[in-house]
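S.K.: After the sequence you'll find the predicted model.
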Amino acid sequence: MPRPLGPVAWTGLALVLGLPALLGLLPHQLPPDSWALHPSAGVRQNPLNFLTCIWLHANTRHLMANLAGLTLLISLGWILKLAPQAALAWLLAWPLTHLALLLDPRLSTYYGLSGVLHAGLSIIATTLITQAHGPKWSRTYGWLLLGGMLAKCWLENPGWQALLPRPGLAMNVAPMSHWAGTLVGAVITLTLALRQSHPCSKSRP
């Protein structure tokens, strides 16, 4: 039996997102600081930073927490048998989540996977909401998941601060990246779903 294309694509993308970050576990092989994103600099920076910032982490605890989240998303991709369109949405959300961070120039430096992880979970939630032929429970679960994510983003940072201390990770986190990933993931998934349900028809002579 052939492997389902959607979960395979989802897993492949997750490996691309996570494996280079494992350099941080090797001695003397830390990813360079030049991989970080600098929202305060706007577009006046290396465009590759919108991609490479996910592979740079503050410390081992930060990296392991993000890799645990990535493992959870891989598992959900297989359990829910996500379509290839979900992997495409996640691929697009990778740089677009970081591009959205430019809207908050208070943040001088950003790195890590948390924004893209929120995008992936938001894509799963929105996929459950929009899929036409899914089980009856999928839309309810999708709304609960998306609503829970939005509530979490609000409750963790009601003051809209640029950085929040996270003692458990021995670092500051950028909660606006969680908002960016959640909203970007949902918008991309909705856009792809609308394009699929209303394909452009060519005019006939």
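M.R.: Thanks, I have it.
S.K.: From residue 183, how far off is the spatially most central residue of the chain?
M.R.: In the chain, the centroid-proximal residue (CA atoms, centre = their mean) is residue 116; its distance is 2.0 Å. Computed with CB to CB, to the nearest Å, the distance linking residue 116 and residue 183 is 13 Å. For the C-beta atoms, the positions are set from N, CA and C on the backbone; glycine is no exception.
S.K.: where do the strands sit along the protein?
M.R.: All strands of the chain, identified by DSSP state E, fall at 164-166, 171-173.
S.K.: Next, the contact list for residue 35, please.
M.R.: Contacts for residue 35 were tallied using CB atoms under 8 Å, 6 or more residues apart in numbering; they are 49, 52-53, 55-56, 111.
S.K.: Could you rerun that using 7 Å?
M.R.: If you count contacts by CB atoms under 7 Å, 6 or more residues apart in numbering, residue 35 has them with 49, 52-53, 55-56.
S.K.: just residue 86 next, same as before
M.R.: 6, 10, 123, 127.
S.K.: Could you tell me which of those residues are located in helices?
M.R.: Among the contacts of residue 86, DSSP state H puts 6, 10, 123, 127 in helices.
S.K.: So which of the residues you listed is the closest to residue 159?
M.R.: Residue 159 lies nearest to residue 123 out of those, by CB to CB, at 27.7 Å.
S.K.: that older thread, pretty sure the residue nearest to the centre of the chain contacts residue 96?
M.R.: No: counting by CB atoms under 7 Å, residue 116 does not reach residue 96; the two are 9.9 Å apart.
S.K.: Residue 37 and residue 118: what is the separation?
M.R.: Distance of residue 37 to residue 118, computed by CB to CB: 15 Å.
S.K.: Looking at those two, which is more packed in?
M.R.: Counted by other CB atoms under 10 Å, residue 37 and residue 118 do not tie: residue 37 has more neighbours, with 30 against 25.
S.K.: what's across from the more buried one in the sheet?
M.R.: residue 110 (DSSP bridges).
S.K.: Could you double-check that it sits in contact with residue 97?
M.R.: No: taking CB under 7 Å as the definition, residue 37 is not a contact partner of residue 97, at 10.2 Å.
S.K.: related to what we said a few turns ago, any idea which of the contacts of residue 86 is closest to residue 80?
M.R.: residue 127 (7.7 Å).
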